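> what follows is a protein structure lacking sequence information:
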């Protein structure tokens, strides 16, 4: 809350820091996605080698940094009672984006722990699915940035998220079908389907967040 | 100063207090209610600028009020203030946003009728005309400012957090301007009836500056308003900000700014003489109602958004309140004058 003790400089200073934090948070989401793509690629070519583990470590660090930033933003928004009419929306948004980062990280760990055996014939499809999922989250990042700066373009960006999500669903179904039509043992089929489904769920979550953003942006429109 | 004079001045101070408690809530109510500015900050800024506006620019509207009824006895002025303060209290209890302006005008007309003094109908009709003009003007100004601000915000792609910071600062500045205008416009309601019978004498501070008896009266009235702000306006501010209508902080800024502009237009002697000097028609210097200006601004923005959010039944109820208040105050003032004259044997006119 604006207080007489706060001068103009400190008011805008704290605002600038918060803006930076939010930008950094969205950057992390985007970078985790790109790392996830590299991790899947690395796993398919070299399994869980040192490089893979190093990449996993980097994702963990980013996830932890995202948690710290979320807490900082949460405290600042409440302590300084900033954006009173959009505060709950922003906090919910960050929470859901944090879950998305968690989903990426969870998938990486599942690869590291369970070491699924993907036959080479499925590599291209899995990479393509991963690519679409990452593109979907990239579009979500743009939607999030639009929500904070240019509320009018939220809908356009959210539309791209929906487009990628549909693509992802199509690729997931096709790959799952191919897996179950193959000559693999049922347990392996189930295991692979679990991974494919987990990756596809990331885009589902991204679409849900994009839908929320459309509602928030309607509320925000002046 | 005699004790009776102090006692009678309390009538004006009571009215000042009720103005601080109710009308000041119009200025900062939306900002405090939406928690964009804390109450303490709002109260300090409001008090400082109300006092400044009263002392520096309060003379113009006071002259008009003085012309409406030249009350020349302290008991008469006391009766008018008590009647106005009491009727504002009654209407506030009924949940209708009214202003001391309407009340004091009703009270003065009541004094004129009771004492058989002539009411200047050209002044009265000017005041009544401003009551219609004020909300319309506030609405039109709100529409223009809102459209402009919306365009600027949409094109500048400003970050939500920075917009929040700018809005806070803008609310504070508009609030300070609004408080100044409220003091300049409405001090006439509180102290106008005492000007002709001021118990103070001019104080010569330096060879260039004299603290006139009128300015001393206005300072006292300004302080009474400030006390009203600190002691009672918090609750009203939260009511204005939360219960009365749901508006965004940005709309709140536009509404307060248009309210302040309207009050300033009808109170500024400088602006009035400037417009006259360049052969433009100037607005009459009349104490206008801050509640009317706020309601006008809200309806203006509501109409801009399609008019669906405007509760016309509530708007109608408020308008009826604006008509009823001066009439009720007129009757109450006549009853009080009757009591003072016949039961306490006081002269209500010389």
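Looks like it arrived, so ask away. Given the structure is predicted, the values throughout are model-derived calculations rather than measurements.
> which residues touch the residue lying closest to residue A:40 once chain neighbours are set aside?
Leaving aside its sequence neighbours, residue A:40 sits nearest to residue A:130 (Cβ to Cβ, 6 or more residues apart in numbering or on different chains; 4.7 Å). Placement of C-beta: from N, CA and C, glycine included. Contacts here follow Cβ atoms under 8 Å, 6 or more residues apart in numbering or on different chains; on that basis residue A:130 touches A:36-37, A:40-41, A:199.
> try 7 Å
A:37, A:40, A:199 (Cβ atoms under 7 Å, 6 or more residues apart in numbering or on different chains).
> element containing it?
helix A:123-149 (DSSP states H and E).
> poorly predicted segments of the chain, please.
Assuming you mean chain A. Scanning chain A for pLDDT under 70 picks out the ranges A:1-13, A:222.
> my bad, the chain I had in mind was chain B
B:1-2, B:95, B:97, B:239-246, B:350.
> and the next element down the chain from the lengthiest helix in chain A?
Ranked by residue count under DSSP state H, the longest helix found in chain A is helix A:8-46. Sequence order places helix A:50-79 as the next helix or strand after helix A:8-46, per DSSP H and E.
> ranges for the helices of chain B?
B:3-33, B:39-57, B:59-68, B:74-93, B:100-115, B:121-156, B:160-191, B:213-238, B:249-265, B:269-277, B:290-304, B:312-342.
> so whichever helix or strand comes after the helix holding residue A:130 versus helix A:123-149, what angle?
Next helix or strand after helix A:123-149 toward the C-terminus (DSSP H and E): helix A:154-181. Using axes from the mean of the first three to the mean of the last three Cα atoms, to 10 degrees, the inter-axis angle of helix A:154-181 relative to helix A:123-149 is 160 degrees.
> let me see the contact set for the closest residue to residue A:25 other than its chain neighbours.
Distances taken as Cβ to Cβ, 6+ apart place residue A:69 nearest to residue A:25, at 4.8 Å, with adjacent residues excluded. Going by Cβ under 7 Å, 6+ apart, residue A:69 touches A:21, A:24-25.
> could I get the residues you listed as TSV with neighbour count?
Listed next are the contacts of residue A:69 as TSV, based on neighbours: other Cβ atoms under 10 Å in any protein chain shown:
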residue	neighbour count
A:21	18
A:24	14
A:25	23
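> which of the residues you listed sits closest to chain B?
Closest approach to chain B among these (Cβ to the nearest Cβ): residue A:21, at 9.7 Å.
> wait, that closest one sits on residue A:73?
Yes - if you go by Cβ atoms under 7 Å, residue A:21 and residue A:73 touch, sitting 5.4 Å apart.
> would a markdown table of the helices of chain B with distance to chain A and mean neighbour count be doable?
Formatted as a markdown table, those follow (distance: least, Cβ to the nearest Cβ, whole Å; neighbours: other Cβ atoms under 10 Å in any protein chain shown):
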| stretch | distance to chain A | mean neighbour count |
| --- | --- | --- |
| helix B:3-33 | 9 | 25 |
| helix B:39-57 | 5 | 22 |
| helix B:59-68 | 30 | 21 |
| helix B:74-93 | 26 | 25 |
| helix B:100-115 | 28 | 27 |
| helix B:121-156 | 5 | 17 |
| helix B:160-191 | 5 | 26 |
| helix B:213-238 | 13 | 22 |
| helix B:249-265 | 5 | 27 |
| helix B:269-277 | 28 | 13 |
| helix B:290-304 | 10 | 26 |
| helix B:312-342 | 22 | 18 |
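> show me the one of those helices that comes nearest residue A:116.
helix B:160-191 (41.8 Å; Cβ to Cβ).
> what angle sits between the closest one and helix B:39-57?
Orientation check (the same axes, to 10 degrees): helix B:160-191 against helix B:39-57 gives 50 degrees.
> by how many degrees do helix B:160-191 and helix B:269-277 diverge?
90 degrees.
> centre of the chain to helix B:160-191, how far?
With Cα atoms, centre = their mean, to the nearest Å as the basis, helix B:160-191 stands 13 Å off its chain's centre.
> and that helix, what other elements does it pack with?
On a contact count with 3 or more Cβ pairs under 7 Å, 6 or more residues apart in numbering or on different chains; DSSP states H and E, helix B:160-191 meets helix A:8-46, helix B:3-33, helix B:39-57, helix B:59-68, helix B:100-115, helix B:213-238, helix B:249-265.
> returning to that earlier point: for the longest helix of chain A, buried residues please.
A:11-12, A:14-15, A:18-19, A:21-23, A:25-26, A:28-33, A:35-44 (16 or more other Cβ atoms under 10 Å in any protein chain shown).
> packing partners for that helix?
Partner elements for helix A:8-46 (3+ Cβ pairs under 7 Å, 6+ apart): helix A:50-79, helix A:87-114, helix A:123-149, helix B:160-191.
> and the closest residue in space to residue B:321 that isn't next to it in sequence, how far is that from residue A:53?
Of all residues not flanking residue B:321 in the chain, residue B:96 sits nearest, at 3.6 Å (Cβ to Cβ, 6+ apart). Taking Cβ to Cβ, to the nearest Å as the measure, residue B:96 falls 72 Å from residue A:53.
> these two: which is more packed in?
Between residue B:96 and residue A:53, counted using other Cβ atoms under 10 Å in any protein chain shown, the more crowded position is residue B:96 (19 against 13).
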